[in-house]
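Student: Here is a sequence with its predicted model. Questions after.
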Amino acid sequence: MMARLVAITGVTALGATGCAAPQASPEFTVAEILRLDAQMVNILVETTGRSAEERLTPYADCVVAQYALDEGFGFARNIRTYLSKTGGTWAADAVYSISPALPRGSRTIDAEVAVQNCAELGIPTG
């Protein structure tokens, strides 16, 4: 009985894959970093493809984490993020504070840990 269920599931999955248009993995297309002042950074990123919207904010977080490390800071905190969509491209305009010590607030990022997680998840950091 179990073997039959697996076979039916396999046929269904193959059938669905064969009929559906393939969806590309998220493509991380743009990363721009604008230093606003000594401890404020504006990150502009874009993604396209499947799950692009879901991967957009983590992409911005990954970029700022690497930037913070490159600039000698260990932490970042998200101040605000605006999302927009044009055609099939999602864009984020995010502002972060960066600091050498853990900042106050709930949306903080440990840059070293974040960069490691980004690598594991296949999200670029720049």
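Tutor: It's in. Numbers count the residues shown, from 1 in each chain.
Student: in the helix or strand encompassing residue 85, what's buried?
Tutor: Here residue 85, judged by DSSP states H and E, is contained in strand 75-86. Going by neighbour count (16 or more other Cβ atoms under 10 Å), the buried part of strand 75-86 is 75-78, 81. C-beta here means a position set from N, CA and C on the backbone, and glycine is covered the same way.
Student: could those residues go into a markdown table alongside pLDDT and distance to residue 111?
Tutor: Formatted as a markdown table, the buried residues of strand 75-86 follow (pLDDT from 0 to 100; distance: Cβ to Cβ, whole Å):
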| residue | pLDDT | distance to residue 111 |
| --- | --- | --- |
| 75 | 97 | 6 |
| 76 | 97 | 6 |
| 77 | 97 | 11 |
| 78 | 96 | 13 |
| 81 | 96 | 17 |
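Student: which outside residues touch the strand holding residue 85?
Tutor: Around strand 75-86, the neighbours that count as contacts under Cβ atoms under 8 Å, 6 or more residues apart in numbering are 40-41, 53, 56-57, 60-61, 64-65, 68, 90-105, 107-111, 114.
Student: those helices in this structure, which residues are they?
Tutor: Applying DSSP state H to the chain gives helices spanning 2-19, 52-70, 111-121.
Student: by contact count, what packs against the longest one?
Tutor: Other elements packing on helix 52-70 under the criterion 3 or more Cβ pairs under 8 Å, 6 or more residues apart in numbering; DSSP states H and E are strand 27-37, strand 40-48, strand 75-86, strand 89-99, strand 108-110, helix 111-121.
Student: which secondary element of the protein has the worst mean pLDDT?
Tutor: Every helix and strand of the chain was ranked by mean pLDDT, DSSP states H and E. The lowest is helix 2-19, at a mean of 28.
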